[in-house]
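Q: Everything below, folded, please.
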Amino acid sequence: MSTFTDLLKSEIQLFIKDYQGVTTDLLLKNNVFTEVTNKELVQQIQGRRVAVKKLPFLLREGIIYPKNLSLEQASSEATARYKAQELRGKRFADLTCGFGIDAYFLSELFEEVTLVEEQPELLSIVQHNWEVLERKATFVNKKAEAFLTDTSQHYDVLYIDPARRDTQQQKKFLLEDLSPNILELQPLLLEKADKVITKLSPLIDIHYLLNTLNKVACIEVIALRNEVKEVLVIQEPQSTIDEVVIRCVNLESEDPILSFTNRELSASEVIYSSPKSYLYIPNNALLKSGAFNYIATYYGLKKLEVNTHLYTSDELIDNFAGRILEVTPIHHKQIKAKSHYNIIAKNYPLSVAELKKKYHLQEGGTDYLIFTRSVSGMEMLLGKEQK
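A: The predicted structure follows:
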């Protein structure tokens, strides 16, 4: 394996920056440079391409990128910056630092920073990059479990992002199946920190978390441009509050952040209705939270049907966390073949692809076609976006 010094030579860095071809083609060719292999070049080229979209703060001289899997698992700069808000204190430790993106932003306002990573090669890359970025930390090559057992320090914040794949790369979702095992670590985590922040899969069930974990102060559902990226669990061992705040945020959008408690979630009632003048489509962070009835209660809306998570009103409601369409009923004979529509199918027997084929439609344009189900039965609506 080449050294960082070899990879950082000016002619090699220029090649990495300027290469626009398919990286798999490069793997089939003889090594371009004697100091580094083409496989190592591809790792840096792919890393830089990810950084352009996901981690622009790393686009500077001297940065080394890890293997693709570590980049895929790393938070984006946008989500990391959001999570860092209001975090400050004396001691911060990231128990599964990976490529160190979350740690870089979350630890910015802490006096002492510790990064724990069990993969030595990955940790050496992080240590190198932090020196380039002029950030100080203590780097520990251990498993999270061993570090927690060995340390005598108490931390203001412990952050952990457990691996969600097993050794066969199969996805895992239950807390006891993650690595490290979050359930087994709970006593140690809560003993050694004032605040424990755990990053989990966007697919994990919120009710499962509420029923499984103790001392939960807040659960955050974080979306980026309406794609749910992660679920964040914040535990505070000293907390005596028996209500959990659930916060839904859609970054890089104009949607407001919506917060409510688990009690409000379970206590909300709803009125069902056929579509009125306006149709409301919640953003995916809000839908992920399971706050289907609370949405109606909070905004004063009616819900189309128990399993249709669309909402309606006669009057336009501002500041909605999602899209708003002005709608009118339409008969299938009024749909023009080969016309362009933004097609939405919610709780409807046919998928968008099947509807496109059935009615000979094309995606695009400014008008919406909504196929859904309300308490009155199947609905076909023509819509124009209001927000």
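Q: okay, CA-based contacts and neighbour counts for the rest of this
A: Fine.
Q: Can you show me the CA trace of stretch 309-321 as PDB?
A: Provided in PDB are the C-alpha atoms of stretch 309-321 (Å, rounded to 0.1, in the frame of the first residue of the first chain):
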ATOM      1  CA  HIS A 309     -51.900  10.000   4.500                       C
ATOM      2  CA  LEU A 310     -53.200  13.000   2.500                       C
ATOM      3  CA  TYR A 311     -55.100  15.900   4.000                       C
ATOM      4  CA  THR A 312     -57.600  18.400   2.800                       C
ATOM      5  CA  SER A 313     -59.300  21.700   3.500                       C
ATOM      6  CA  ASP A 314     -61.600  24.300   1.900                       C
ATOM      7  CA  GLU A 315     -59.400  27.200   3.000                       C
ATOM      8  CA  LEU A 316     -55.600  27.400   2.300                       C
ATOM      9  CA  ILE A 317     -53.500  26.700   5.400                       C
ATOM     10  CA  ASP A 318     -50.100  28.400   5.300                       C
ATOM     11  CA  ASN A 319     -46.800  27.100   6.800                       C
ATOM     12  CA  PHE A 320     -47.500  23.500   6.000                       C
ATOM     13  CA  ALA A 321     -44.500  21.000   6.300                       C
END
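Q: For stretch 284-303, list every residue counted as buried.
A: For stretch 284-303, burial by neighbour count (16 or more other CA atoms under 10 Å) applies to 284-297, 301-303.
Q: Revised request: answer the last question for stretch 319-326.
A: 320, 321, 322, 324, 325, 326.
Q: Just confirm the fifth one is within a strand.
A: It refers to residue 325. Yes: the assignment for residue 325 is a strand, going by DSSP: H, G, I helix; E, B strand; the rest coil.
Q: what's near enough to touch residue 239?
A: 215, 217 (CA atoms under 8 Å, 6 or more residues apart in numbering).
Q: could you measure it against residue 126, distance?
A: 34 Å (CA to CA, to the nearest Å).
Q: With residue 153 instead?
A: If you go by CA to CA, the gap between residue 153 and residue 126 works out to 23 Å.
Q: Those two: which has the busier surroundings?
A: Counted by other CA atoms under 10 Å, residue 153 and residue 126 do not tie: residue 126 has more neighbours, with 25 against 10.
Q: excluding its backbone neighbours, what's nearest residue 120?
A: residue 141 (6.1 Å; CA to CA, 6 or more residues apart in numbering).
Q: do the same with residue 277
A: residue 314 (5.0 Å).
Q: what's that neighbour sitting at in phi/psi?
A: phi -80, psi -30 (degrees, to the nearest 10).
Q: burial measure for it, as a count.
A: For residue 314, using other CA under 10 Å, the count is 13.
Q: change the start of the numbering to 25 and stick with it
A: From this message on, residue numbering opens at 25, which makes the last subject residue 338.
Q: residues contacting it?
A: 300, 301, 302 are the contacts of residue 338 under CA under 8 Å, 6+ apart.
Q: Distance check, the second one against residue 336.
A: In other words, residue 301. 7 Å.
Q: neighbour count winner among the two?
A: residue 336 (27 against 15).
Q: what's near enough to touch the closest residue in space to that one that isn't next to it in sequence?
A: Sequence neighbours aside, residue 303 is the residue nearest to residue 336 in space, at 4.6 Å (criterion: CA to CA, 6+ apart). Each residue near residue 303 by CA under 8 Å, 6+ apart is listed here: 334, 335, 336, 337, 348, 349, 350, 351.
Q: Within the helices and strands, which one has the first one?
A: When you say that, I think you mean residue 334. Secondary structure from DSSP states H and E places residue 334 in strand 332-337.
Q: and that strand, what does it pack onto?
A: Counting contacts by 3 or more CA pairs under 8 Å, 6 or more residues apart in numbering; DSSP states H and E, strand 332-337 packs against strand 302-306, strand 326-329, strand 386-398.
Q: Which of the contacts of residue 338 sits closest to residue 62?
A: Closest approach to residue 62 among the contacts of residue 338 (CA to CA): residue 302, at 56.2 Å.
Q: what's the burial count for that closest one?
A: Number of residues near residue 302 (other CA under 10 Å) recorded here: 22.
Q: and the gap between the nearest residue to it once chain neighbours are set aside and residue 77?
A: Closest residue to residue 302 apart from its sequence neighbours, by CA to CA, 6+ apart: residue 350 at 4.6 Å. Counting by CA to CA, the gap from residue 350 to residue 77 is 34 Å.
Q: Residue 143 too?
A: Note on residue 143: its distance to residue 77, by CA to CA, is 26 Å.
Q: Which residue of the two possesses the greater neighbour count?
A: Set residue 143 next to residue 77 and count neighbours by other CA under 10 Å: residue 143 wins out with 14 against 10.
Q: Help me confirm that the more buried one comes into contact with residue 168.
A: No: between residue 143 and residue 168 there is no contact under CA atoms under 8 Å: 11.4 Å.
Q: any weak-confidence spans in the stretch 25-174 of the chain?
A: Counting by pLDDT under 70, the ranges of the stretch 25-174 of the chain that qualify are 25-26.
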